[in-house]
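Trainee: would you be able to build a 3D model of this:
(2 chains)
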Amino acid sequence: MRFFRWLRHNAEHYLLEAAQVDMAKKHRGGSGPLQPRNPQAFFWRRIFVPIYRLLPWSVRSAIMRAMPGSHRRSWERRASN
Amino acid sequence: MRIVVVGGGAAGIGAQGGAKGAAPDAEVILYTEYEDVGYSPCGIPFVHGREIERFEDLILQDKKFYEDAGFDIRYTTRVESIDTASQEIQVAGEGTVKYDRLVLGTGWNYEDPGLPGSDLAGLHYVKNIRRAMEFDKLLDEAKVAVVVDATPIGVEMATAFAHRGLETHFVDPGGWPLADVADPEIMEPVEESMRGLGIHLHMQTSVERFVGEGSVRGVATSQGEIPADVVVVATHKTPNTALATAAGIKTGSTGGIIVDDGMATSAENVWAAGDCVEIPHSVSKVPINGLSGSHAYAQGKVAGVNAGGGERAYQAVQVPWGMVAGTWTIGGVSFGETLATALGIPHVVGMADGISKARYYPGFSRIRVKLLVDPKTRTLVGGQMVGVEGIKERADFLAMAMRARVPIDDIAWMENVYSPPIGALNEPMALAAQNALGKL
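Mentor: Predicted coordinates for the structure are as follows:
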């Protein structure tokens, strides 16, 4: 499970960072987040994010849902809390 | 039957009440490592900011109330380990305690900032009410405060310090405050108002180390050093699952404990609730973690009732949220445009500026509503708002609309209350929905 936590943590961080850059360009004239440079960041920014963005939503969604977690257990009942 | 609850926050208190209600004859024991249970930690910034007079006002019920109600609460008592096979826990000072049913409500911890100087005395993390009482005394003498990280608690603390008259510095690597949560057009008036309150916003700035000898005296940032009398670290919340993982209970990609809709974990006769678990999101279906106290309490009740032999269910969440930021209130539900863009969720944005009451009525205020709509299903993906009045109620409404899968067409042409002192002719959510319809 450590692998999936590591994967999700990094994927979320760099996808959010890229989205914030886009939003800053669109709404603020470019003042996005600080983007410290390091070898790990290079992989996520230059390889992972562009590939993820090329995938159709159905594929992205299927990959996310394939990860282990609470969503793979029973969540069919109507709330009664 | 003996039901043991670990944790005295909203989830633990909900579980204890749920268990006692479902199984009145059961022995229900709650262990907490803290001095108090069932208070509102979310209220702490507002005592620091002097909107609330006393910390004691945050405590929902005193210890005698729980005693009189027949609840067995063991304060300042640490549960050290769980053996799910023999159904036993090890308790500091008590030894081995058997359980028939166990509910975990172990909450959350702050993410370790992982910076040099993180061990200096005086770095404050907002969580425990007793530590907050001690910290509040320091604020009487302090002149300069630094808040590290623009998370919701960070924004609330910065606002509180400004209300208290402290020179307040707010340091975050994001382009705008709450950038992980809120969109820039929503935060624009908030930022302006924070500056208006005298808060120094150091955006696009990272903290490199905490400065001091023995106790913290400032922070060194990528833009230079900021001397400070007090420093609040407001990093992200992470689930506290140390006990559960050591016992072999499964956790998911958020780090939270995996549960089903009855809040049952992977271990037999063990349930979990609150910030230590992960819950599926209704739109993405992906589990998320770190919700509000109201979520934790409701989950605790479900876990407690089920542990007591009842049958209750929790549902995937839409996550309505809201908070005061600067002089504004912001809020929303599920996804904003930033997060939807990050995940690549298909959406169309509808936005409108409206007003809270009739334009001629004294004290009307502006409300900006931004809605995200799935172009295929024409239902909401999320929404965000900034205003002064009615943000919480609109966030709750939008969450309900999402749960019921109300089409955007129905929101666009919804009926709304019109009465000059309390509501404008046009409902801002309907205007935003109409704007979205034009793009579908």
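Trainee: what is residue B:321 paired to in the beta sheet?
Mentor: Partner residues in beta bridges with residue B:321, using DSSP bridges, are residue B:332.
Trainee: which residues touch the most centrally placed residue in chain A?
Mentor: For chain A, the residue nearest the mean C-alpha position is residue A:12 (3.2 Å; C-alpha atoms, centre = their mean). Shown in contact with residue A:12 (C-beta atoms under 8 Å, 6 or more residues apart in numbering or on different chains): residue B:342. To be clear about C-beta, it is placed using only N, CA and C from the backbone, and glycine gets the same treatment.
Trainee: could you look up the SS state of it?
Mentor: With DSSP: H, G, I helix; E, B strand; the rest coil as the basis, residue A:12 sits in helix.
Trainee: leaving out the residues flanking it, which one is nearest to residue A:36?
Mentor: Using C-beta to C-beta, 6 or more residues apart in numbering or on different chains and skipping the chain neighbours, the partner closest in space to residue A:36 is residue B:206 (6.9 Å).
Trainee: which pLDDT does the model give the one you found?
Mentor: At residue B:206, the model reports a pLDDT of 95.
Trainee: measure how buried it is and give me the count.
Mentor: 17 (other C-beta atoms under 10 Å in any protein chain shown).
Trainee: likewise residue B:99?
Mentor: Considering only other C-beta under 10 Å, residue B:99 is surrounded by 24 other residues.
Trainee: for it, give me its contacts.
Mentor: Per C-beta under 8 Å, 6+ apart, neighbours of residue B:99: B:2, B:3, B:4, B:87, B:88, B:89, B:269.
Trainee: can you pull the contacts of the residue in chain A that chain B sits nearest to?
Mentor: At 3.3 Å from chain B, residue A:69 is the closest residue in chain A, using C-beta to the nearest C-beta. Taking C-beta under 8 Å, 6+ apart, we find residue A:69 in contact with A:4, B:252, B:253, B:254, B:258, B:278, B:280, B:286, B:287.
Trainee: nearest spatial neighbour of it, skipping sequence neighbours?
Mentor: residue B:252 (3.3 Å).
Trainee: identify the farthest-apart pair in the contacts of residue B:99.
Mentor: With C-beta to C-beta as the measure, no two of these lie farther apart than B:3 and B:88, at 14.1 Å.
Trainee: looking at the two, which one has more neighbours?
Mentor: In this view residue B:3 and residue B:88 are compared by other C-beta under 10 Å, and residue B:3 has more residues nearby, 27 against 17.
Trainee: does the more buried one lie in a helix or a strand, and which?
Mentor: Following DSSP states H and E, one finds residue B:3 within strand B:2-6.
Trainee: from the contact counts, what lies against that strand?
Mentor: Applying 3 or more C-beta pairs under 8 Å, 6 or more residues apart in numbering or on different chains; DSSP states H and E, one finds that strand B:2-6 contacts helix B:10-22, strand B:27-31, strand B:101-104, helix B:293-307.
Trainee: of these, which is nearest chain A?
Mentor: helix B:293-307 (4.6 Å).
Trainee: so for the closest one, mean pLDDT?
Mentor: Averaged across helix B:293-307, pLDDT comes to 97.
Trainee: is that helix anywhere near chain A?
Mentor: Yes. Helix B:293-307 lies within reach of chain A by C-beta under 8 Å from any C-beta of the partner chain, at B:298, B:299, B:301, B:302.
Trainee: contacts only, for the first one.
Mentor: Pointing back at residue B:298 there. Taking C-beta under 8 Å, 6+ apart, we find residue B:298 in contact with A:81, B:14, B:314.
Trainee: cool, the third one as well?
Mentor: Residues counted as contacts of residue B:301 (C-beta under 8 Å, 6+ apart) are A:81, B:14, B:15, B:17, B:18, B:312.
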